[in-house]
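Engineer: sequence? don't have it. structure:
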Ligand SMILES: O=P(O)(O)OC[C@H]1O[C@H](O[C@H]2O[C@H](CO)[C@@H](O)[C@H](O)[C@H]2O)[C@H](O)[C@@H](O)[C@@H]1O
């Protein structure tokens, strides 16, 4: 992988938050500077009409995506119509489980294919290591999960890749043995000593323990813009009950989990209204959250490849990266691993969802069980 080469950047479209193209790592991230009126080739501009029908159409499309972004859990009901529906749902569930087998039920199969390989673990945070909760500030991980991650990190190089700010996710996880990537991979603190140190967006720094690290921030030129858009989003949505705006350093989350359904359209319209003023920012959908982020060709998939490069593992045939995640932004990482059979993606979901992952786990408690199984397997295979 050549992290220094520059290629033309593909245009990211606003209406398809998950980039569907299946491509290898194209280290086409050009150095960033603050967005200016003259559009540099660094920035992939999304054309936006100022007013009118297009805005309504876009807001309506957002509302549809908002509705589908976090399907409700299965209802337990007693009447016959619902019994039929429940049976149909069970069939759909089984078909889905065949396509995305449980990484726990099929652990042996998984372990066989990992034999002789060096596993590298990539973990998403919210919905993967911590259960989804109403208040984003209270998404704590359990002590048992922390212990599971800690043990796993003793056996395998382990990184957390989150949409949160890197500081926030470190605050939640609190383990120093890991690598951390915040802001959907746009803020990576990794090891020094590989060719990724020389990347134009890399700087030498020290971590909280005083250890020398490589800090990679491809969207550093957007810091001021993100601060401004965050303030505007707070102001624009403050009258809507239940909205929370979270500054994730290089991206902003607008949460609508606690907003009445009838107001979702208003949330979409207000966010759309603000984004019209920022052609260098785009929107992606997470779990009951609108995520505003810079239009740069960087995502969690590229962060995975960058970290593998930083660890000196990107060209090793015997390396098996595993990525565990629950939402749409994790799909970029699943795709990167699927390409060229690089590794395995594991989707965390209790409801059927289309994905580029290979396996599934139902919830964070199954993630913990899987991590514990991995550690036991590793220990028994090195006896
Ligand atoms: O990449 P991740 O680590 O999964 O981060 C994605 C977003 O996660 C958080 O929001 C989600 O979890 C919250 C706490 O459970 C929940 O209240 C919210 O509805 C979910 O969308 C985080 O707050 C966001 O900033 C991240 O972008």
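Structural biologist: Arrived safely, thanks for sending. Note that the structure is a prediction, hence the values are computed from the model and not measured. Residues are numbered from 1 along each chain as shown.
Engineer: Which residue ranges of the stretch 101-250 of the chain form helices?
Structural biologist: Here the stretch 101-250 of the chain has its helices, by DSSP state H, counting those that start in this stretch, at 107-114, 143-155, 166-173, 223-237.
Engineer: residues of the longest one that come out buried?
Structural biologist: So that's helix 223-237. 225-226, 229-230, 232-233, 236-237 (16 or more other Cβ atoms under 10 Å). Every residue, glycine included, has its C-beta placed from N, CA and C.
Engineer: likewise the first one?
Structural biologist: Using 16+ other Cβ under 10 Å as the test for burial, helix 107-114 gives 107, 110, 114.
Engineer: Could you list every helix and strand in contact with that helix?
Structural biologist: With contacts taken as 3 or more Cβ pairs under 8 Å, 6 or more residues apart in numbering; DSSP states H and E, helix 107-114 sits against helix 364-381.
Engineer: Show residues contacting the helix it packs on.
Structural biologist: Identification of contacts with helix 364-381 by Cβ atoms under 8 Å, 6 or more residues apart in numbering yields 102-104, 107, 111, 115, 119, 121, 123, 127-131, 141-142, 144-145, 148-149, 151-152, 154-156, 324, 346, 348, 361.
Engineer: What sits closest to the residue in the stretch 51-200 of the chain that the ligand sits nearest to if chain neighbours are left out?
Structural biologist: Taking Cβ to the nearest ligand atom, the ligand has its nearest neighbour within the stretch 51-200 of the chain at residue 163, 2.9 Å off. Closest residue to residue 163 apart from its sequence neighbours, by Cβ to Cβ, 6 or more residues apart in numbering: residue 184 at 5.0 Å.
Engineer: Up against the ligand, what does the stretch 151-300 of the chain have?
Structural biologist: Within the stretch 151-300 of the chain, the positions near the ligand by Cβ under 6 Å from any ligand atom are 162-164, 246, 248, 253, 255, 257, 286-289, 291.
Engineer: where does the protein dip in pLDDT?
Structural biologist: Low-confidence segments of the chain (pLDDT under 70): 1-59, 69-81, 383.
Engineer: give me that answer again for 50
Structural biologist: 1-47, 49-50, 75-77 (pLDDT under 50).
Engineer: Quick check: buried residues in the longest helix seen in it?
Structural biologist: Looking across the chain with DSSP state H, the single longest helix is helix 80-99. Buried residues in helix 80-99, counted by 16+ other Cβ under 10 Å: residue 96.
Engineer: and that helix, how far out from the chain's middle?
Structural biologist: Distance, stretch centre to chain centre, for helix 80-99: 28 Å (Cα atoms, centre = their mean, to the nearest Å).
Engineer: who does that helix touch, helix- and strand-wise?
Structural biologist: Contacts defined by 3+ Cβ pairs under 8 Å, 6+ apart place helix 80-99 against no helix or strand at all.
Engineer: could I get the buried residues of helix 107-114 as TSV with distance to residue 200?
Structural biologist: Output for the buried residues of helix 107-114, formatted as TSV (distance: Cβ to Cβ, whole Å):
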residue	distance to residue 200
107	42
110	38
114	35
